[in-house]
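Q: Show me the folded form of this:
(2 chains)
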2 protein chains.
Amino acid sequence: MSWEERVKKVVPYVPGDQPKFKDMVKLNTNECPYPPAPGVERMLKEMSYEDFRLYPAPGADDLVESLADYYKVKPSQVFVGVGSDDVIAMAFLTFFSSGEKIFFPDITYSFYPVWAQVYGIPYETKALDKDFHIKASDYTYANGGVIFPNPNAPTGLLEPLSVVEEIIRVNKDSVVIVDEAYIDFADEGSSALPLIDRYENLLVVRTFSKSRAMAGMRIGYAIGNERLIKYLNDVKFSVNSYTMNRPSLLLGVEAVKDDAYFKETLSKIRATRERMKQELVQIGFSFPDAQSNFIFATHRSLPASEIYGALKEKHIFVRYFNTPGIDNYLRITVGTEDEADILIDALKEILKERNSL
Amino acid sequence: MSWEERVKKVVPYVPGDQPKFKDMVKLNTNECPYPPAPGVERMLKEMSYEDFRLYPAPGADDLVESLADYYKVKPSQVFVGVGSDDVIAMAFLTFFSSGEKIFFPDITYSFYPVWAQVYGIPYETKALDKDFHIKASDYTYANGGVIFPNPNAPTGLLEPLSVVEEIIRVNKDSVVIVDEAYIDFADEGSSALPLIDRYENLLVVRTFSKSRAMAGMRIGYAIGNERLIKYLNDVKFSVNSYTMNRPSLLLGVEAVKDDAYFKETLSKIRATRERMKQELVQIGFSFPDAQSNFIFATHRSLPASEIYGALKEKHIFVRYFNTPGIDNYLRITVGTEDEADILIDALKEILKERNSL
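A: So this is what the prediction gives:
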């Protein structure tokens, strides 16, 4: 056997484009259109570059404590990683390694099958219903674990907490990961977080990349019962002792501290989303009710792929998945009010030119 | 089976203590005693916190290009990760997954067996000779891969390039990783880097944590032929799209840019190391010839564990491994000239008090 035959060959996840135009409107990777909290700017100026010569705290203590404080849990119930991708990857390796099939929806975050592939975890996808909803009854069979996002991606659709709890409840013998990357944009009371005390098999995963405007800092976290978090940390410490660098620890704490700014950002994004929904409907789009910072929209007459290409020519970037079942949809990130105006105007123009308005 | 029985149970790597005393002398984790390059400070002040809302470049392009430029290789021959631990973990997953035993020395970086364990990779350790040298002939048997540090850790001993090349040459059918975390402190011409054009199975791994004074930023890299790097990137993109955050990309480039500062730092550390060697010999220590930024020393009469404890009481931290074969050694990081003075004075005092001088 050659060295090359010994290599693990995988088909990697393809992240959204990161185009670099000066004049672009970037609504393709669900970033926050507003900057991080002002405390982040202040801390960036204050931090000492000389300290960079020293390793960061391996337990990421200050960041863990600030999150524990914010969510009123113990620090031993919080795990942090290099974005929620790192957190979920570690969770796959820790909790989904029994050799049994794990379950997740067929239309969902497309990284799930990739993690399963790279760690050799068998999986079975469960079809969403015709309205893109998760059917809890699909998840009642024996499995090695369950994961789904709520709200789901790329649909933006929120499952009621009763459905989420049902899935957790019937799967007491495997770990259920609820990927809440977008939950901060959903209605109050939608999060599974209050359930962690009742279900020791529940891991809730969150990120700083969307609602906390720090995609560029790579910070994600998980909250669950202490034993889950201990196992997760054991695996993390078997892969990389120090995952969070000094700036991410210092700046992450600042982002958590400023709750007023956080809530203001959320309410601006929610308001723009609701306005975009109305305007999109008026020009012939429909979509599952978006409870995220993006809208998953399809047009009554013009194919999504064509709209995607036409927007791109105008340097307006949205996300298009050439995947069966969703290949006539666009995932449009909610931007600023100005970006929403530019997008809607551009869509009107594109539709008018093609007699589709 | 309960959820807990489904968990992957591992014994994690234990990193060196990160004590937090104001007056301490920290010589326990091989950090650089000098700050990062001045450009790092400048860029820290210049970078825009507003950009943190956007994802970083998934390919870490600027950092990859600056390293490619520095080492006169193509960008497609460079892989970067969250410290060399992340780089090596990815390399284990990518190259050592054939199910065959991998080989590494019995006395070496203690993370190797941990990575093997977490990814389910069988391994066999090869004993060093009585002078702590690697025996190339041990690595001539069929295997799933080979890894060793050069200089080795925690011994600090450098293998001549002829021995390194011999191991690479006889293992053309598996990947050989030379972990050069400490090579910048060794004599010129010791690196396996020039061999990458001749051996497509060779991956050389380096870090910013030691010689580039950026342990707190978590930056490591690997250099090899384009196919190796492509496979490594495929696996990396199957685990986490964006591993390097914006500050690490921007600051990493600055550290690479300032070669004069880098060389000055190295020469200061080497000079202090040589001085420390002389003084340690005078007070009864011996050690393999250190070609790293640490000295692996044993005392002719006082047990290492006792010296370790006595130093700790004085807030002088060195590393002690309670591991058979090396449990009478201390791994002492080379610090500043002042830190060397404090250490040597403290050692004299400890030895004198115990009638061991």
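Q: Not counting sequence-adjacent ones, nearest residue to the residue in the stretch 201-350 of chain A that chain B sits nearest to?
A: Here the stretch 201-350 of chain A gets closest to chain B at one residue, A:F237, 3.4 Å apart by CB to the nearest CB. From N, CA and C alone the C-beta is placed, and that goes for glycine too. Using CB to CB, 6 or more residues apart in numbering or on different chains and skipping residues adjacent in sequence, the residue nearest A:F237 is B:P12, 3.4 Å away.
Q: doesn't A:K230 make contact with the one you found?
A: No - applying CB atoms under 8 Å as the test, B:P12 and A:K230 come out as separate, 10.5 Å apart.
Q: Which one's more surrounded, these two?
A: Between B:P12 and A:K230, counted using other CB atoms under 10 Å in any protein chain shown, the more crowded position is B:P12 (17 against 13).
Q: residues contacting that one?
A: By CB atoms under 8 Å, 6 or more residues apart in numbering or on different chains, the contact list for B:P12 reads A:233-238, B:114.
Q: What ranges does the stretch 101-250 of chain A have for its helices?
A: Assigned by DSSP state H, counting those that start in this stretch, the stretch 101-250 of chain A shows helices spanning A:112-118, A:161-170, A:226-236, A:246-257.
Q: And whichever helix or strand comes after the longest one, what does it pack against?
A: In this case it means helix A:246-257. Once the chain leaves helix A:246-257, the next helix or strand it forms, by DSSP states H and E, is helix A:259-282. If contacts are counted by 3 or more CB pairs under 8 Å, 6 or more residues apart in numbering or on different chains; DSSP states H and E, helix A:259-282 sits against strand A:294-299, helix A:337-353.
Q: need the next SSE after helix A:259-282, C-terminal direction.
A: Remark: after helix A:259-282, the chain's next helix or strand is strand A:285-286, criterion DSSP H and E.
Q: State the pLDDT value of the most centrally placed residue in chain A.
A: The geometric centre of chain A, computed from its C-alpha atoms, lies nearest to A:A181 (CA atoms, centre = their mean), at 3.4 Å. We have a pLDDT of 98 for A:A181.
Q: Find me whatever residue is spatially closest to it, sequence neighbours aside.
A: Distance criterion CB to CB, 6+ apart; nearest residue to A:A181, sequence neighbours excluded, is A:T207 at 4.9 Å.
Q: Quick one: distance of stretch A:275-293 to the chain centre.
A: Stretch A:275-293 sits 20 Å away from the centroid of its parent chain (CA atoms, centre = their mean, to the nearest Å).
Q: again but with stretch A:37-53, I slipped
A: For stretch A:37-53, the distance to the chain centre is 26 Å (CA atoms, centre = their mean).
Q: Same question for stretch A:250-267.
A: Averaging C-alpha positions (CA atoms, centre = their mean) puts stretch A:250-267 18 Å from its chain's average.
Q: got it, and stretch A:109-123?
A: 16 Å.
Q: Show me the contact partners of it.
A: Stretch A:109-123 is contacted from outside by A:8, A:10-13, A:85, A:88-89, A:92-93, A:96-97, A:99-104, A:125, A:144, A:147, A:149, A:153, A:179, A:181, A:321, A:323, B:93, B:235, B:238-239, using CB under 8 Å, 6+ apart.
Q: got the CA positions of stretch A:96-103 in CSV?
A: The C-alpha trace of stretch A:96-103 is given here as CSV (Å, rounded to 0.1, in the frame of the first residue of the first chain):
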residue,chain,number,x,y,z
PHE,A,96,-21.7,9.7,18.6
SER,A,97,-18.9,7.1,18.5
SER,A,98,-20.9,4.0,19.6
GLY,A,99,-21.1,2.6,16.1
GLU,A,100,-24.9,3.0,16.0
LYS,A,101,-26.7,5.1,13.5
ILE,A,102,-27.3,8.7,14.4
PHE,A,103,-30.3,10.6,13.2
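Q: re the thing from before, where's the residue nearest to A:A181 relative to B:I102, distance?
A: Distance check for A:T207 against B:I102: by CB to CB, to the nearest Å, it reads 35 Å.
Q: ditto for A:M1
A: Distance of A:M1 to B:I102, computed by CB to CB: 14 Å.
Q: Which of the two has more residues huddled nearby?
A: Taking other CB under 10 Å, A:M1 and B:I102 do not tie; B:I102 has more neighbours (25 against 11).
Q: Surely that one and B:F148 touch.
A: No - using CB under 8 Å, B:I102 makes no contact with B:F148, being 10.8 Å away.
Q: At which residues are the strands of chain A located?
A: Along chain A, counting by DSSP state E, strands occupy A:25-26, A:78-81, A:102-105, A:123-126, A:145-149, A:176-179, A:202-207, A:220-223, A:285-286, A:294-299, A:316-317, A:319-320, A:330-333.
Q: The last one: how far from the chain's middle?
A: Averaging C-alpha positions (CA atoms, centre = their mean) puts strand A:330-333 14 Å from its chain's average.
Q: can it be found next to chain B?
A: No - using CB under 8 Å from any CB of the partner chain, strand A:330-333 stays clear of chain B, coming no nearer than 11.6 Å.
Q: for the record, mean pLDDT for that strand?
A: Strand A:330-333 comes out with an average pLDDT of 98.
Q: Could you do the fourth one as well?
A: Confidence for strand A:123-126, expressed as mean pLDDT, is 98.
Q: Tell me how far it lies from the chain's centre.
A: Put simply, strand A:123-126 sits 20 Å off its chain's centre (CA atoms, centre = their mean).
Q: what lines up beside that strand in the sheet?
A: Strand A:123-126 has the following sheet partners, assigned by DSSP bridges: strand A:102-105 (parallel).
Q: returning to what we had before: out of the helices of the stretch 101-250 of chain A, which one sits most buried?
A: Mean neighbour count, computed with mean count of other CB atoms under 10 Å in any protein chain shown, is highest for helix A:246-257 among these, reaching a mean of 23.
Q: helices and strands around that helix, which ones?
A: Contacts defined by 3+ CB pairs under 8 Å, 6+ apart place helix A:246-257 against helix A:38-46, helix A:61-71, helix B:246-257.
Q: and the angle for the last one with helix A:246-257?
A: When axes from the mean of the first three to the mean of the last three CA atoms, to 10 degrees is applied, the directions of helix B:246-257 and helix A:246-257 differ by 160 degrees.
Q: what residues does helix B:246-257 touch?
A: A:49, A:52, A:216-217, A:245, A:247-248, B:36-37, B:39-40, B:42-44, B:47, B:51-52, B:56-57, B:60, B:62-63, B:66-67, B:70, B:80, B:82, B:208, B:212-214, B:217-219, B:244, B:262.
Q: Report the buried members of these.
A: Listed as buried from the contacts of helix B:246-257 are A:49, A:52, A:216-217, A:245, A:247-248, B:36-37, B:39-40, B:43-44, B:47, B:52, B:56-57, B:60, B:62-63, B:66-67, B:80, B:82, B:208, B:212-214, B:217-219, B:244, B:262; burial here means 16 or more other CB atoms under 10 Å in any protein chain shown.
Q: near chain B, which residues of the stretch 151-300 of chain A?
A: Applying CB under 8 Å from any CB, one finds that the stretch 151-300 of chain A approaches chain B through A:172-175, A:200-201, A:209, A:213-218, A:227, A:231, A:233-248, A:251.
Q: Give me the neighbour count for A:S110.
A: A:S110 has 13 neighbours, counted by other CB under 10 Å.
Q: oh sorry, the question was meant for A:I344
A: With other CB under 10 Å as criterion, A:I344 counts 17.
Q: I'd guessed it sits against A:I283; true?
A: Yes - taking contacts as CB under 8 Å, A:I344 lies within contact range of A:I283: 7.4 Å.
Q: Check the contact lists of these two and give me the overlap.
A: Common neighbours of A:I344 and A:I283 (CB under 8 Å, 6+ apart) do not exist.
Q: Residue in the stretch 1-150 of chain A with the shortest distance to chain B?
A: As assessed by CB to the nearest CB, chain B sits closest to A:P12 within the stretch 1-150 of chain A, at 3.4 Å.
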